[in-house]
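> Sharing a sequence plus its predicted fold:
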Amino acid sequence: MGHSKNILVAGGAGFIGTNLIKSLLDQDHHVICLDNFLTGHRSNLMHLEDNSRLSILEHDVIQPMDMQVDMIYNLACAGSPPAYQADPIHTLKTSVYGVENLAQLALKNHCPMFHASTSEIYGEPLNHPQQESDWGNVNTLGIRACYDEGKRAAEALLFDYKRSHGLDIRIARIFNTYGPNMQADDGRVISNFINQVLRSEPMSMYGQGEQTRSFCYVDDMVEAIQALMALASAPASPVNLGNPSEYSMLEIADTIASLLNCRPQLVFKPLPEDDPTRRCPDISLAQTLLDWSPSTDLIHGLSRTIAYFKNQL
């Protein structure tokens, strides 16, 4: 990435944002963490607050902002269904008003902008694994639409900014990610399973547990995000980032139980509305463009995540 830069990380107090900020600080960059702290937590930044190159700014991206920066990473949006469904109108505004405000800031500073899109773009996939050329199969009126359609609108808006104003935009469609600095109660399956076992509670299994996801350890994701920003020129399309290894929810529960040396009870609950049955990325484009593939296998990643949550407790 060359010499030290002044970098804005919107949503920097969230899960991926916190891990990204640590990596940027380790590279001697100056970082502005911008967050409204609705779902991000100041506690995620406690171990970084003594670093003189980190500034923390409480601000909602829905409101305009003005500052001098060399690079923008946008991770500002609630990412788990309970969080983004809690205030769906704000979620949708974050993906439209917030993205436009950041795009305007990027244009003013003549700097590149990274945008965290999502695998939810694909909805209930018509093709498997999911490729960037897939248009998606999304319920535009369902309870998840505030997030799914918000992210789809953000991609459309940013590519219009690219065509109309020359915005240097790099968009990643991020698949399920896990690791340290996840919140115990964020509603994501890995954090749910681990913390339920640590609290001696039954594991909550939605549906029959046969739906699949592909889980990428956060260190691998942060590496890929920065590789995307380091490209000399922006790709012509969004780029899938994730781990192509696919697991059912039952397999994830069994692996976590084995690592914790226990046999927890499973409590089966109704499948949430519009919950995709399969989700797995085709990462051929990322492998070609970024020379990147995830290197952390599930056992090692889960072991580190379990250690993190044990320490939190």
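Sure thing, it's come through.

> The nearest residue to Leu38 once chain neighbours are set aside and His30, how far apart?
Nearest non-adjacent residue to Leu38, counting by Cβ to Cβ, 6 or more residues apart in numbering: Ala78, 7.0 Å away. C-beta: built from backbone N, CA, C; applies to glycine. As judged by Cβ to Cβ, to the nearest Å, Ala78 and His30 stand 27 Å apart.

> higher neighbour count, the two?
Between Ala78 and His30, counting by other Cβ atoms under 10 Å, Ala78 is the more crowded of the two (24 against 17).

> show me what contacts the more buried one?
38-39, 84, 86, 91, 94, 147 (Cβ atoms under 8 Å, 6 or more residues apart in numbering).

> Only whichever of those residues are buried, select them in ChimeraX.
To isolate the buried members of the contacts of Ala78 in ChimeraX, using 16 or more other Cβ atoms under 10 Å:
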select :38,39,84,91,94,147
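
> Now the helix or strand harbouring Asn101: buried residues?
Following DSSP states H and E, one finds Asn101 within helix 99-109. By 16+ other Cβ under 10 Å, the buried positions in helix 99-109 come out as 99-106, 109.

> same deal with stretch 133-152?
Across stretch 133-152, burial judged by 16+ other Cβ under 10 Å covers 134, 136, 138, 144-152.

> Those: which two are farthest apart?
Asp134 and Cys146 (21.3 Å; Cβ to Cβ).

> Please enumerate the strands of the stretch 151-300 of the chain.
Along the stretch 151-300 of the chain, counting by DSSP state E, counting those that start in this stretch, strands occupy 169-174, 177-178, 203-206, 212-214, 216-217, 239-241, 246-248, 266-269.

> mind checking how far the fourth one is from the chain centre?
When C-alpha coordinates are averaged (Cα atoms, centre = their mean, to the nearest Å), strand 212-214 and its chain have centres 15 Å apart.

> what mean pLDDT does it have?
Averaged across strand 212-214, the pLDDT comes to 96.

> Pairing partners for that strand, with directions?
Using DSSP bridges, the strands paired with strand 212-214 in its sheet are strand 246-248 (antiparallel).

> which residues does Cys33 contact?
Cys33 makes contacts with 9, 12-13, 17, 21, 45, 54-57, as judged by Cβ under 8 Å, 6+ apart.

> Would you enumerate the residues in contact with the residue nearest to it when sequence neighbours are not counted?
Spatial nearest neighbour of Cys33, chain neighbours left out: Gly12 (3.3 Å); criterion: Cβ to Cβ, 6+ apart. Neighbour list for Gly12: 18, 20-21, 31-35, 40, 45, 56, 73, 75 [criterion: Cβ under 8 Å, 6+ apart].
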